[in-house]
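**Student:** Got a predicted model here, sequence first, then my questions.
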Amino acid sequence: MELRQALAKTLAELMRENNKIVILDADLSKANGTDSLYKEFPNRCYNVGVSEQNMASMAAGLSTYGFTPVIVTFTPFATRRICDQIAVSIAYAKQKVVIIGTDPGITAEMNGGTHMSFEDVGVMRSIPKMVIVDIVDDVQLMKALPHIINYPSAVYVRMPRKSRPTVFDENYQYRFLKADVLKEGKDVTIIASGTMVYEAQVAAKMLAEKGIDAELISANCIKPLDEETILKSIKKTNKVLVCENHNVIGGLFSAVAELIVSKYPVKAKAVGVMDEFGQVGKYQELLEVYHMTPADIAKATMKLVNDKE
């Protein structure tokens, strides 16, 4: 299932149960799949047009009156364009708003560099008390949304719009603010988030064929980081590779580096965007351009494991 379909389906179910949930779009309801909600909930869905800063301010105002606003727009517009409104009107004012940014990083594909956010996590991590969730697949999205909607303060969700390879099955038990250990191992810890979890999963199988036993962790929540799960793994393997669909500056790698440098220093490397802007291309092409393929992950991991210094 496309993630935008999973988003609309789950939001509809939640809106039937809770008449305080309202949707705000900025002229992208069709692209993001929320247009179907306007038919069933015409008085609780608002298309503000290309006016994202107003949308964020409206969401903050609705929250003060007891509503649970859900902002849905492309990731760069959900973060860098409305950063001041999020910081002051939402986070500082302690408002309960769900901010959903679609097509993060290279999943923006043909929309190109202007719509390709490699800095959204860095922007949102710098805002106090902001929770950041990076969605892996449609199954996780549907399991996570009820927890996100019920959280008492602001949450930023980054998710692809279209179909992604499935990592989790229907029996998956989502634990809000917690990471998942997808594979146990003893030689190295691989921590990935969002779309990179699948790529890391493929890489772990490649590594196993070469005799490297990697532990794989899905960091579902980038802020706050699940320190307990990550430190437990790193203390066992003493090496960590971080994979993210984001600039390695300010994102998951930065969060992990901040953790280990203060609590358990070990060798760490990153696979992600190396301080570059986005560009037009298909997902698989862009994985190669930015050296984020499973083969790149396996290569970086082997170098880390074999580094004796």
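**Tutor:** Received the coordinates, thanks. Numbering: from 1, shown residues only.
**Student:** The residue positioned nearest the centre of the chain bridge partners, please.
**Tutor:** Geometric centre of the chain, nearest residue: residue 134, 1.8 Å, by Cα atoms, centre = their mean. In this structure, residue 134 bridges to residue 158 when assessed by DSSP bridges.
**Student:** Can you list the strands that the longest strand along the chain pairs with?
**Tutor:** Taking DSSP state E as the criterion, the chain has its longest strand at strand 239-247. Strand pairing for strand 239-247, determined by DSSP bridges: strand 188-192 (parallel), strand 267-273 (parallel).
**Student:** So which of those strands is the most surrounded?
**Tutor:** Greatest average neighbour count among the strands paired with strand 239-247 goes to strand 188-192 (a mean of 29), per mean count of other Cβ atoms under 10 Å. C-betas here are computed from N, CA, C, even on glycine.
**Student:** before we move on, the earlier item: show me the one of the strands paired with strand 239-247 that comes nearest residue 51.
**Tutor:** Nearest of the strands paired with strand 239-247 to residue 51, taken as Cβ to Cβ: strand 267-273 at 29.1 Å.
**Student:** And for that closest one, what's in contact with it?
**Tutor:** 105-106, 118, 196, 238-248, 251-253, 256-257, 260, 290-292, 296-297, 300, 303-304, 307 (Cβ atoms under 8 Å, 6 or more residues apart in numbering).
**Student:** I'd like to know which of the residues you listed are buried.
**Tutor:** Buried members of the contacts of strand 267-273, scored by 16 or more other Cβ atoms under 10 Å, are 105-106, 118, 196, 239-248, 251-253, 256-257, 260, 290, 292, 296-297, 300, 304.
**Student:** Isn't residue 178 up against residue 225?
**Tutor:** No. Applying Cβ atoms under 8 Å as the test, residue 178 and residue 225 come out as separate, 10.4 Å apart.
**Student:** More neighbours: the two, which one.
**Tutor:** Neighbours were counted for residue 178 and for residue 225 using other Cβ atoms under 10 Å; residue 225 has more, 21 against 14.
**Student:** still on that earlier bit, run the chain-centre distance for the longest strand of the chain.
**Tutor:** Chain-centre distance of strand 239-247: 13 Å, with Cα atoms, centre = their mean, to the nearest Å.
**Student:** mind putting the strands paired with strand 239-247 in CSV, mean pLDDT and distance to residue 147 included?
**Tutor:** Output for the strands paired with strand 239-247, formatted as CSV (pLDDT from 0 to 100; distance: least, Cβ to Cβ, whole Å):
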stretch, mean pLDDT, distance to residue 147
strand 188-192, 98, 21
strand 267-273, 98, 26
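**Student:** Would you mind giving those strands as JSON lines with distance to residue 91 added?
**Tutor:** What follows is the strands paired with strand 239-247, written out as JSON lines (distance: least, Cβ to Cβ, whole Å):
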{"stretch": "strand 188-192", "distance to residue 91": "26"}
{"stretch": "strand 267-273", "distance to residue 91": "25"}
